[in-house]
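Visitor: Generate a structure from the sequence data that follows.
(one chain, ligands or ions: 2)
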Amino acid sequence: MSETTFFHMDHINKYYQMGDEQAHILKDIALDIKEGEYLSVLGPSGSGKSTLMNIIGCLDTPSSGQYTLHGREIEELSEVELADIRSSEIGFIFQNSQLLPRLTAQKNVELPLIYAGVSPRERKRRAREMLEKVGLQDRMGHYPNQLSGGQQQRVAIARALVGNPSILLADEPTGALDQKTGRQVMALFQNLNDEGRTIVMITHDMNIAAFARRVVHIVDGTLTEGGGTSDA
Ligand SMILES: Nc1ncnc2c1ncn2[C@@H]1O[C@H](COP(=O)(O)OP(=O)(O)OP(=O)(O)O)[C@@H](O)[C@H]1O
Ligand SMILES: [Mg+2]
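Guide: Numbers count the residues shown, from 1 in each chain. Ligands and ions are numbered 1, 2, ... in the order given. Sure thing, here's the model as predicted:
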């Protein structure tokens with residue numbers, strides 16, 4: 001494993017017990033990601049994308065196989081250590097932004113810092129800085145229902161980034177957005193990657209996947225390398 005490898009997966013399998021049957025959801029997956037990569041995982045509905053994302057993000061564990069994240073063997077870690085990795089290493093973006101409706105944009109972005117024990121003053125400063133970065137400097141006091149879908153998704157991106165995670169994990173980040181707004185979010189991802197942020201983006205849409213530098217395909221739980229796109 002080279003020192004720039006960010007995570008390494010080998011022979012990853014995931015089974016779900018369904019009554020008497022075992023459903024084989026992820027099949028012998030091997031995947032390596034280097035620091036600073038921008039990877040898209042492209043596959044149809046039900047192919048196992050979210051299952052894979054949950055494993056990458058340490059929200060779930062594989063049934064078998066090896067997963068090393070930043071040099072640490074995930075299967076050897078306790079729940080507490082996993083929770084610590086989730087909050088310090090990983091920024092999650094879900095299909096629907098999952099903002100808390102009773103909190104302003106700024107407070108939503110501050111949330112991960114509250115859990116991390118950052119002081120109120122510093123939280124506020126960092127939340128405002130991130131909201132500026134995603135172009136929402138004039139919307140900080142708005143509540144989610146006072147924001148458009150694209151603006152809500154940008155708040156979610158700011159929230160995912162405010163703890164300065166080493167990797168951004170996004171599951172269908174443009175799924176709820178129109179084409180134009182989706183492109184704005186993709187432009188933002190591009191900037192983040194240009195700044196060196198590692199990104200894994202999950203999508204069923206090949207037009208969205210094409211924004212990433214590297215695409216892997218997942219079909220029926222099997223992953224195959226799809227080659228680069230941006231150099232083409
Ligand atoms: N907890 C579970 N128990 C049993 N089966 C599950 C569970 N979670 C997911 N599955 C099954 O695993 C398969 C993959 O699900 P997954 O959510 O990873 O798909 P996906 O590629 O993210 O699909 P979509 O694009 O629709 O979000 C599906 O067939 C689903 O029914
Ligand atoms: Mg999914």
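Visitor: Up against ligand 1, what does this structure have?
Guide: Applying CB under 6 Å from any ligand atom, we find that the chain lies next to ligand 1 at 16, 18, 23, 25, 43, 45-51, 204. Using the backbone N, CA and C atoms, a C-beta is placed for each residue, glycine as well.
Visitor: In stretch 95-103, which residues are buried?
Guide: 95, 97, 99 (16 or more other CB atoms under 10 Å).
Visitor: For it, C-alpha coordinates in PDB please.
Guide: C-alpha atoms of stretch 95-103 as PDB (Å, rounded to 0.1, in the frame of the first residue of the first chain):
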ATOM      1  CA  GLN A  95     -29.600  12.600  -1.300                       C
ATOM      2  CA  ASN A  96     -32.000  14.800   0.600                       C
ATOM      3  CA  SER A  97     -30.000  17.400   2.500                       C
ATOM      4  CA  GLN A  98     -31.400  16.200   5.900                       C
ATOM      5  CA  LEU A  99     -31.100  19.600   7.500                       C
ATOM      6  CA  LEU A 100     -32.900  20.200  10.800                       C
ATOM      7  CA  PRO A 101     -36.000  22.300  10.000                       C
ATOM      8  CA  ARG A 102     -35.900  24.300  13.200                       C
ATOM      9  CA  LEU A 103     -32.400  25.500  12.900                       C
END
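Visitor: Contacts for that stretch, please.
Guide: Residues from elsewhere that reach stretch 95-103 (CB atoms under 8 Å, 6 or more residues apart in numbering): 105, 107-108, 111, 143-145, 149, 152-153, 155-156, 159, 171-173, 175-176.
Visitor: Next, the closest residue to ligand 2 within the chain: phi, psi?
Guide: Residue of the chain nearest ligand 2, by CB to the ion: Ser50 (3.1 Å). Backbone torsions of Ser50, given as degrees, to the nearest 10, read phi -70, psi -40.
Visitor: Report the beta-bridge partners for the residue nearest to the spatial centre of the chain.
Guide: By CA atoms, centre = their mean, the chain has its centre lying nearest to Leu169, at 1.1 Å. Beta bridges link Leu169 to Phe92, Val200, judged by DSSP bridges.
Visitor: OK, contacts around it?
Guide: The contact partners of Leu169, by CB under 8 Å, 6+ apart, come to 53, 56-57, 90-93, 200, 202.
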